[in-house]
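>>> Turn this into a model:
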Amino acid sequence: MIQEFKEVSPPPPTFPRAGGCSHLKAPIPQAFSCIDQNRDGIICKADLRETYSQLGKVSVPEEELDAMLQEGKGPINFTVFLTLFGEKLNGTDPEEAILSAFRMFDPSGKGVVNKDEFKQLLLTQADKFSPAEVEQMFALTPMDLAGNIDYKSLCYIITHGDEKEE
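Take a look at the predicted model:
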């Protein structure tokens, strides 16, 4: 007996609910959904504040949030978000993008982040690392005498490779 197969469209993508993103490498619609915490289709200041909070940064200056929202020159819906995202990625230096991400966790601007705090973030936030993955990463991570991660050196290793490997 021959069964008849019908061509079926794939189901629409499902986006994570409020409470966090399932991974950092999400496609752009999922990134928008992760930031749009109240699910109204517009990214507002409260959405940004909650997103930062989920990433471990709870005291973001109002001016910084306002500046982000002003980049959209109006309400930031998905189309505006897509345009802004594209503008930010066009010509972005990967090393500078990584440094910029680390700077979020270095308010004093010293070029280091606390190893224990960073480990906690890696184990509990976004695209969670396993304890073994964290230890593997720390084995290659430059640290100062106080046990802080030298993220500028780490960024260089990530983007250029570890000299010892060559």
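>>> ranges for the strands of the chain?
112-114, 148-150 (DSSP state E).
>>> okay, these in JSON lines with distance to Pro29 next?
All C-beta spots, glycine's among them, are computed from the backbone N, C-alpha and C. Shown next, in JSON lines, are these (distance: least, Cβ to Cβ, whole Å):
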{"stretch": "strand 112-114", "distance to Pro29": "30"}
{"stretch": "strand 148-150", "distance to Pro29": "32"}
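>>> can you redo those strands as CSV with mean pLDDT, distance to Thr51 and mean neighbour count?
Formatted as CSV, the strands of the chain follow (pLDDT from 0 to 100; distance: least, Cβ to Cβ, whole Å; neighbours: other Cβ atoms under 10 Å):
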stretch, mean pLDDT, distance to Thr51, mean neighbour count
strand 112-114, 92, 19, 19
strand 148-150, 93, 23, 20
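>>> wouldn't Leu121 be in contact with Lys57 here?
No: when contacts are counted by Cβ atoms under 8 Å, Leu121 is not listed as touching Lys57 (9.9 Å).
>>> ok, those two, which is more surrounded?
Leu121 (17 against 14; other Cβ atoms under 10 Å).
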